[in-house]
Every structure is written in C-alpha cells, then in structure tokens.
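Participant: dropping the sequence and predicted coords here.
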Amino acid sequence: MRTDDADDLGRFALDRLLPLCRDRFADPAHGGFHERLDADGAPLPLGTKRLMVQCRQIYVLSHAALLGDRSGSAAALAGYRFLRRAYHDDGHGGWYFQASATGAPVDRHKDLYGHAFVLFMLAYLHRAFGDQPEGAEAPALAGRTMDILQARLAAPHGGYWDRASEDWQPDRTLRRQNPHMHLLEAMLALFEATGERRWLDEADALVALLETRFFDAATGTLGEFFTADWSADPVMGHMVEPGHHFEWLWLLHRYADLTGRAVPPAADTMFATAMRFGFDAGHGGIIDQHHRDGTALLRSRRIWTTTEAIKAHAVRQAAGLAAQPGVLIAQLFRDFLRPAKVGWIETMRADGTVDMTALPGSTPYHLFLAGAEVLRLEGAGKEALLF
C-alpha cells in the first residue's frame, strides 16, 4: 500500500466525512443524529432514530478527536446526552432499540447488535473525552451494560440471544453471528481503552465461538443464521456474506496483536474464500452474498463490504502477507466516493450502475474506521493525520 493511498482515505475521513457527521447528521433541534440524509446532505424525515446509528455517529466524532480533530466534540457529547436520555431503560436496564426523532422510545425491545455498539462507542468516548463527565462515566456504564447482557441474554451453547423484550424475555427463534462479531469489536476496544482483563476474557470466548460454531472448515465459510443450538438455520443457513469474512479477519488480527497469540487459522481461510467467491472481478468490489458452495446469490455491492475488504487487505499487508489494499482504495474512490454529490454512493447494482444515493447514518462508521486503520497500519501516527 502506497502512503498516498492511505492519505487519500484519511483525508476523506477527516475532510469530508467528519464535517458531514458534525454538521449534517447531527440534529441540533431535537438532539442526537439523523437516521438518514438525502444525496444533497439534507435530513430525510423518517421519524425515528435507531440506537445503533447514534452510537456509530458518536464513535466517528470521538475517534476523530483522538486523531487530533476535535471540531466534532460538542456534537459528540450532545449526542451522548441524547442517547442516555432517549435510549437507556432506567427500569429494566439496558438500552431501547429505537426512539422517535425527538427522543421518545418507540421500540423498547433489547437488541444484542445495538448493545454491542453501545459498548464500542463507550470505549471511544472514554478515550477521547475521559476528562469530561460523559467520558469519565463510560467505563462504569460499559460494565453495567455487559453485566445485564451476561445476566439476561447469555444463551446455552455459548454466546447470547439476539433480542429480547423490554423486560428481557429472550426471543429464541433465530441466532446470528453478526452481533457477536461486533461484540468482539467492542471487547477489544474496551480493553484498549481501560486495560481491564474482563474485556479480553470475553473476547477469548467470542473467538472460541467463531472457531467452534460460526466457521465451517469444510466449506471455508462463515455462517450468518443459526438455530438455538447453533445449527445452521434451515431457511437461511446457506447464506454467506463475504464482507463479514473480511471484517472477522481484521478483528482476529487485532485480537492477536492485543493478546500476543497467533492469528487463528480460520482468518486465512475466510480471506481466501471471500476473495474466491466474493470479489467481483468484472467491476471490482465485493458482492453482498453467495451460497456456501460459492454460487453468487446477491451480486449487488454495498460500500461497507469494500471498506471491510480494505481493512482486511491492509492488516494482511502489515503482517507480510499477500494483499492489495491500494487497489481496493482506488476502486472505493472510483465507484463509491467520487461520483457522490456530498458523501458517498451506498449501493451499486450487479451491472455497476448506481442503486442507492441516500446516506444511511450507519455507514460513516465503516468509512471512518477504514481511513483511520490504513493510516495506523502505514505507521503514519497521529501527526500524519493533522494535514
């Protein structure tokens, strides 16, 4: 990877993406962050705001502050105060799934995916704003959030139930690997933020769950949907998302860095499978979905799959393994970033034409983290980000 590739993505993250989150996604009238913008950067009146989107936006502004640009600090802290007011369940504990635009809970169920992003966000909030009351309380709040997940969502055969009612009655009909992947991401971030062994112990358990439940060595694929005992779901168990192969690979390298252990062997296999069946050789980028046998199921391409492939290639290159992050960064700009009016192109059809230009508030997390990660792996450090 050339330094200018990393710089291009880093510049996009701080020069274009950060102002968009700070000035367009942030909702000064009602608090928090808008769920979605149109292609011109104007808020779309959806009427609701998901917990996960609020957490991802606070993460972007917090990470930017860590990298030296604190221009989004006020928006981050105001967004966090909105989050505490609108989503925290003071009666049963944990966090609601969705609130109205003004901050009234409208979907009170409890969601593992959303809680994983609460924990991830709290790690970055503490690192960036530990000298403020909001950041200072983050480690204790993360501890209480994890306590209730372990008490109320821990499931037989390892891992957690995906969702529960407001009073934590679990839904046992379907289990997914994806929330567990993001929970691992949160555990690693919290360990980096606090140094507390608790978070690394939980990461150990989640990596073991990947190796024993999610990853199928016979096909070299990562399952998405499972029954209560982690058997493949009879309807959707054949589906594979190569973007998650890349995301897990990056996390397993981070896990190895933090623990001093070898990268689990599943990482290389998942990378090879994703490149063989997930890479679109004709248009570039990563298709959304294929079968366990490699047959393409959904040839559309979302921007997040390319950002995760960039992270995976970058971490492999840093480890001395074959990878081409620069090629993917160039493709990201060509297809998803340069054609956009304000932010990015979200989705492209199988034939390479644009499918979606509205800007989901969940996507900046993928873009910003990819930009920060390639710069970190270049060894550029904080100074290189202060252009």
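Facilitator: Perfect, I can see it now. Numbering: from 1, shown residues only.
Participant: C-alpha only now, for contacts and for neighbours.
Facilitator: Will do.
Participant: mind jotting down where the strands sit in the stretch 101-250 of the chain?
Facilitator: 105-107, 110-111, 163-164, 170-171, 175-176, 215-216, 221-222, 225-226, 239-240 (DSSP state E, counting those that start in this stretch).
Participant: any idea which of the ones you listed is most buried?
Facilitator: Most buried of those, by mean neighbour count (mean count of other CA atoms under 10 Å): strand 221-222, with a mean of 28.
Participant: returning to what we had before: any chance of the strands of the stretch 101-250 of the chain in TSV, plus distance to residue 273?
Facilitator: Shown next, in TSV, are the strands of the stretch 101-250 of the chain (distance: least, CA to CA, whole Å):
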stretch	distance to residue 273
strand 105-107	38
strand 110-111	30
strand 163-164	30
strand 170-171	32
strand 175-176	20
strand 215-216	11
strand 221-222	7
strand 225-226	18
strand 239-240	10
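Participant: the ones you listed into a markdown table, with extra columns for mean pLDDT?
Facilitator: Listed next are those as a markdown table, based on pLDDT from 0 to 100:
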| stretch | mean pLDDT |
| --- | --- |
| strand 105-107 | 98 |
| strand 110-111 | 98 |
| strand 163-164 | 98 |
| strand 170-171 | 98 |
| strand 175-176 | 98 |
| strand 215-216 | 98 |
| strand 221-222 | 98 |
| strand 225-226 | 98 |
| strand 239-240 | 98 |
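Participant: among those, which is nearest residue 256?
Facilitator: With CA to CA as the measure, strand 215-216 is the member of the strands of the stretch 101-250 of the chain nearest residue 256 (17.8 Å).
Participant: pull the residues that contact the closest one.
Facilitator: The contact list for strand 215-216 (CA atoms under 8 Å, 6 or more residues apart in numbering) reads 221, 222, 223, 266.
Participant: and it, which strands flank it?
Facilitator: Next to strand 215-216 in the sheet, as set by DSSP bridges, lie strand 221-222 (antiparallel).
Participant: and residue 132, which of the strands of the stretch 101-250 of the chain is closest to it?
Facilitator: Of all the strands of the stretch 101-250 of the chain, strand 105-107 sits nearest to residue 132, with 26.5 Å by CA to CA.
Participant: and residue 79, how many neighbours?
Facilitator: Residues near residue 79, counting by other CA atoms under 10 Å, number 23.
Participant: I'd say it and residue 59 touch.
Facilitator: No: applying CA atoms under 8 Å as the test, residue 79 and residue 59 come out as separate, 10.3 Å apart.
Participant: coming back round to it: so which of the contacts of strand 215-216 comes closest to residue 166?
Facilitator: For the contacts of strand 215-216, the residue nearest residue 166 by CA to CA is residue 223; the value is 28.2 Å.
Participant: which residues touch the closest one?
Facilitator: Taking CA under 8 Å, 6+ apart, we find residue 223 in contact with 177, 214, 215, 216, 232, 237, 238, 239, 240.
Participant: got the buried residues for stretch 33-47?
Facilitator: Within stretch 33-47, the residues scored as buried using 16 or more other CA atoms under 10 Å are 33, 34, 35, 36, 37, 38, 39, 41, 43.
Participant: can you count the residues close to residue 234?
Facilitator: Residue 234 sits with 10 neighbouring residues when counted by other CA under 10 Å.
Participant: how near is it to residue 177?
Facilitator: Counting by CA to CA, to the nearest Å, the separation of residue 234 from residue 177 is 15 Å.
Participant: how about residue 364?
Facilitator: Taking CA to CA, one finds residue 364 at 22 Å from residue 177.
Participant: same question, residue 284
Facilitator: Look at residue 284 and residue 177: by CA to CA, they are 26 Å apart.
Participant: which of those two has more residues huddled nearby?
Facilitator: Neighbours were counted for residue 284 and for residue 177 using other CA under 10 Å; residue 177 has more, 24 against 18.
Participant: what's the closest non-adjacent residue to the more buried one?
Facilitator: residue 224 (5.4 Å; CA to CA, 6 or more residues apart in numbering).
Participant: count the neighbours of the one you found for me.
Facilitator: 20.
Participant: contact partners for it?
Facilitator: Residues in contact with residue 224 (CA under 8 Å, 6+ apart) are 176, 177, 178, 214, 236, 237, 239, 240, 241.
Participant: and which of those residues is nearest residue 376?
Facilitator: residue 178 (25.0 Å).
Participant: ok, that closest one - contacts?
Facilitator: By CA under 8 Å, 6+ apart, the residues touching residue 178 are 113, 224, 244.
Participant: in helices, which of the residues you listed fall?
Facilitator: If you go by DSSP state H, the contacts of residue 178 have 113, 244 in helices.
Participant: in TSV, list the contacts of residue 178 along with distance to residue 250 and pLDDT.
Facilitator: Below are those laid out as TSV (distance: CA to CA, whole Å; pLDDT from 0 to 100):
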residue	distance to residue 250	pLDDT
113	19	98
224	18	98
244	10	98
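Participant: need the contacts of residue 178 in a markdown table with distance to residue 349, can you?
Facilitator: Shown next, in a markdown table, are the contacts of residue 178 (distance: CA to CA, whole Å):
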| residue | distance to residue 349 |
| --- | --- |
| 113 | 27 |
| 224 | 22 |
| 244 | 19 |
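Participant: residue 210: which of the contacts of residue 178 is nearest?
Facilitator: Among the contacts of residue 178, and counting by CA to CA, the member closest to residue 210 is residue 224, at 11.1 Å.
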